[in-house]
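Visitor: With the input below, show me the fold.
(one chain, ligands or ions: 1)
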Amino acid sequence: MKHADLLILGGTVITPNGPEQIDIASRDGRIVALGALQGEWSADTSLYARGLHVLPGVIDSQVHFREPGLTHKEDLEAGTRGAVLGGVTAVFDMPNTHPLTLWEADLQAKLDAAQHRAWCDYAFYIGGSAVNAEQLQNLENLPGCAGVKVFMGSSFGDLLADEDAVLRKILQHGRRRMAIHAEDETRLRERKAIVEASGNLLQHHEWRDVESALKATRRIVALAEESGRRLHILHVSTAEEMQLLARYKHRISVEVTPHHLTLIAPDCYARLGSLAQMNPPVREKRHQDALWQAIRDGVVDVIGSDHAPHTREEKAQPYPQSPSGMTGVQTLLPIMLDHVNAGRLSLQRLVDLTSAGPARVFGIQGKGRIALGYDADLTLVDLAARRTISNDWIASRSGWTPYDGKAITGWPIHTVVRGQIVVRDEQLTGTAGGQALRFLETPEGIPAQPEPLPGR
Ligand code: DOR
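Guide: The predicted structure is shown next:
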């Protein structure tokens, strides 16, 4: 009899080959056997998964956990607790904290803060700006670094790189895939008067209009072609950008968020007020339809939550002083499972967008699929479970979700991080044992930059 730390028995496992009725054995945090294991393997702990689907752990490559400096909104403990309760096993945290994450010491402070407090695995982005541009090739390869994040348009916090000369310098210093918030700062400034005059939240997506997003995306795509750098365009929100990005898949990966796939303007503002205020904004139905089409067409690589909490009091300030951002890490998977049940995408495609996609795009070691030798990060879901999302369930320090009261079909039941059960029967259990993610690309091992395809 062989011995494992954990056996997952009798579930429908979403493997790279499709759904299979197999058992999983994990030892020392890794998957050591797959197949019919009962009778051949014993284990310290067994999890019976009959009736459940076993997915590779969900990786959310865009969260704002606000630590250090803004921990009244969120912190690493509560943020990662929400993550695992929602079936997320790894997160990439954003650099617009106080202080900004610009230097090695800022990154190290975050890694230290996450030790023994993070419930899931984690990595931290370094912010790309004029002040650190020339050091980015060293910074992006530090252990625990997810890569470089650039804000081309200001959203929340002081991190901004909007001039071509600065962007060029950032692109030239480093080789990993760089994450971009693409809204054009000059156009945003020019148009802010629209909402300052009216104070009308219904004009949020008129201020930060389609052209603001498209212009920035066009600029950064051209600069990427020039420099040969690979990019990841975060939270793409318009039909026009999707059309553009479909021509650059040799270099550019694409993220969409659950809120852009689920909420529609202007109805969301009437229902939720500034809780629906987000950058880039939630837009009209024609854009949402285009995002779904881009998922079907394979243009979208990743679903990330852009979990960006602010307190209810902050949100209650009159628009446009009310800050943009909403929670999302805990609701990412329930919302998307509900979309699976509504027939909008398959479970296999969802797994591609939430596990295999981020692992592939960012080169995460040992994650993103259920396969021998990979980390035993597993999200066990009941596709038939009906639940109602409520503010009470939300672990975030901000304590609210735009989906309060929304009925969902499909729910995460157990969450396993490197063989440790951290959520069992929907309840937190065990200890916060999250570790820093490791990435494939080292300075020695970076693949050659792809050449532009002919005719582009
Ligand atoms: O609405 C937003 N808020 N969008 C972002 O990209 C950043 C964020 C924040 O940090 O609050």
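Visitor: Excluding chain neighbours, what is closest to Ile295?
Guide: In space, Ile295 comes closest to Leu345 once its chain neighbours are excluded; the distance is 5.8 Å by Cβ to Cβ, 6 or more residues apart in numbering. In short, each C-beta sits where N, CA and C put it, glycine included.
Visitor: which residues does the residue of the stretch 351-456 of the chain found nearest the ligand contact?
Guide: Per Cβ to the nearest ligand atom, Ser398 is where the stretch 351-456 of the chain lies closest to the ligand, at 10.6 Å. Residues counted as contacts of Ser398 (Cβ atoms under 8 Å, 6 or more residues apart in numbering) are Lys73, Glu74, Pro309, His310, Thr311, Arg312, Thr327.
Visitor: what does Ser237 give?
Guide: Ala213, His260, Pro280, Pro281, Val282, Arg283, His287, Leu291.
Visitor: Among the residues you listed, name the ones in helices.
Guide: Within the contacts of Ser237, residues falling in helices by DSSP state H are Ala213, His260, His287, Leu291.
Visitor: wait, what's in contact with the first one?
Guide: Right, Ala213. Ala182, Glu183, Asp184, Val236, Ser237, Thr238, Glu240, Glu241, Pro280.
Visitor: rerun at 7 Å
Guide: If you count contacts by Cβ atoms under 7 Å, 6 or more residues apart in numbering, Ala213 has them with Ala182, Glu183, Ser237, Thr238, Glu241, Pro280.
Visitor: and it, how far is that from Gln321?
Guide: According to Cβ to Cβ, to the nearest Å, Ala213 and Gln321 sit 22 Å apart.
Visitor: do Arg218 as well
Guide: For Arg218 relative to Gln321 (Cβ to Cβ), the value is 30 Å.
Visitor: Neighbour count: those two, which is higher?
Guide: Arg218 (16 against 11; other Cβ atoms under 10 Å).
Visitor: any idea how far Leu139 is from the one residue in the stretch 101-250 of the chain that gets nearest to the ligand?
Guide: Proximity of the stretch 101-250 of the chain to the ligand (Cβ to the nearest ligand atom) peaks at Phe156, 3.3 Å away. To Leu139, Phe156 is 22 Å away according to Cβ to Cβ.
Visitor: Those two: which has the busier surroundings?
Guide: Remark: of Phe156 and Leu139, Leu139 carries more neighbours, 22 against 18, as counted by other Cβ under 10 Å.
Visitor: which residues touch the more buried one?
Guide: Leu139 is in contact with Glu104, Ile126, Asn132, Cys145, counting by Cβ under 7 Å, 6+ apart.
Visitor: Just these: which are in helices?
Guide: Glu104.
Visitor: Now rank the contacts of Leu139 by neighbours and give me the top one.
Guide: Within the contacts of Leu139, neighbour counts (other Cβ under 10 Å) peak at Ile126, which reaches 26 neighbours.
Visitor: now the strands for the stretch 301-450 of the chain?
Guide: Ranges of strands in the stretch 301-450 of the chain, per DSSP state E, counting those that start in this stretch, are 302-303, 378-388, 407-417, 420-424, 427-428.
Visitor: do the stretch 101-250 of the chain as well
Guide: 121-127, 145-151, 178-181, 231-233.
Visitor: picking that back up, the residue of the stretch 101-250 of the chain closest to the ligand reaches Ser324, doesn't it?
Guide: Yes. With contact defined as Cβ atoms under 7 Å, Phe156 counts as touching Ser324 (6.3 Å).
Visitor: Stretch 182-189 and the ligand in contact?
Guide: No. Stretch 182-189 lies apart from the ligand when judged by Cβ under 6 Å from any ligand atom; the minimum separation is 8.7 Å.
Visitor: residues in contact with Ile24?
Guide: Ile8, Val13, Ile31, Leu34, Val54, Ile370.
Visitor: got the contact list for Leu263?
Guide: Ala276, Val282, Pro402.
Visitor: Please read the previous query as pertaining to Gly87.
Guide: Applying Cβ under 7 Å, 6+ apart, we find Gly87 in contact with Val58, Leu333, Thr379, Val381, Pro412, Thr415.
Visitor: What is the neighbour count of Val91?
Guide: For Val91, using other Cβ under 10 Å, the count is 34.
Visitor: before we move on, what about Ile389?
Guide: Number of residues near Ile389 (other Cβ under 10 Å) recorded here: 22.
Visitor: just to revisit the earlier point, could you list every residue that touches the closest residue to the residue of the stretch 351-456 of the chain closest to the ligand other than its chain neighbours?
Guide: Distances taken as Cβ to Cβ, 6+ apart place Pro309 nearest to Ser398, at 3.7 Å, with adjacent residues excluded. Contact analysis of Pro309 by Cβ under 7 Å, 6+ apart lists Arg66, Lys73, Glu74, Gly325, Thr327, Ser396, Arg397, Ser398.
Visitor: now swap in Met326 and tell me
Guide: Met326 neighbours (Cβ under 7 Å, 6+ apart): His259, Leu275, Met278, Ala308, Pro402.
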